[in-house]
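Novice: 3D model of this:
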Amino acid sequence: MGTALYFLPHLAAMPERAGAAVSAVVNAPAGGVLFHCMGGRDRTGLLAMALLRAIGTDPECIVDDYLETVRLGDLRAAISKRNNAEPMLEELCRKHGTSTEGAFRDALAKFDLRVFLDSAELTDEDREGLFT
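Specialist: Next up, the predicted model:
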């Protein structure tokens, strides 16, 4: 759906997908990792949320990081020669009784890192790399 409304249902239904992405980041060679999706706020936002939570980032900083992508909607749209989907996504969230920010805050508040790591079946080595 392009919003954080799907983050927790996606993690519950297919934890191995996000788990594979976390494992890839943890096991990447030194020098940095770039990860992205088409919109830059959907799968990217979910992975960034998990990684930032794992390293103990303040929740308000995680929210601000996600919202920065939303704030850059016009720029992202211009670069990709597409329409800015942010107003449509905000309307979708409103239809679900929330907002873009509210949906993300809710997902972040309810995200249980340990449950995710267990259900994604990350290896002990992956977990060690994630927390060091």
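
Novice: mind pulling up the pLDDT for Ala28?
Specialist: Ala28 is assigned a pLDDT of 94 by the prediction.

Novice: could you measure from the residue nearest the centre of the chain over to Pro15?
Specialist: In the chain, the residue lying closest to the centroid (Cα atoms, centre = their mean) is Leu46, at 1.6 Å. Distance of Leu46 to Pro15, given as Cβ to Cβ, to the nearest Å: 11 Å. (C-beta placed from N, C-alpha, C; glycine too.)

Novice: just Asp124 next, same as before
Specialist: From Asp124 to Pro15 the distance is 17 Å (Cβ to Cβ).

Novice: looking at the two, which is more packed in?
Specialist: Pro15 (19 against 7; other Cβ atoms under 10 Å).

Novice: does that one touch Asp112 like I think?
Specialist: No - with contact defined as Cβ atoms under 8 Å, Pro15 does not count as touching Asp112 (11.3 Å).

Novice: mind checking pLDDT for the most far-flung residue of the chain relative to its centre?
Specialist: Distance from the centre of the chain peaks at Lys81, with 23.4 Å (Cα atoms, centre = their mean). Lys81 is assigned 92 on the pLDDT scale.

Novice: contacts only, for it.
Specialist: Neighbour list for Lys81: empty [criterion: Cβ atoms under 8 Å, 6 or more residues apart in numbering].

Novice: low-confidence ranges, the protein, go.
Specialist: Judged by pLDDT under 70, the chain has no weakly predicted residues.

Novice: helices of that one, residue ranges please.
Specialist: Ranges of helices in the chain, per DSSP state H, are 7-13, 15-26, 43-54, 59-71, 73-80, 86-95, 100-110, 113-119, 124-131.

Novice: for those, which one ends up most surrounded?
Specialist: helix 43-54 (a mean of 20; mean count of other Cβ atoms under 10 Å).
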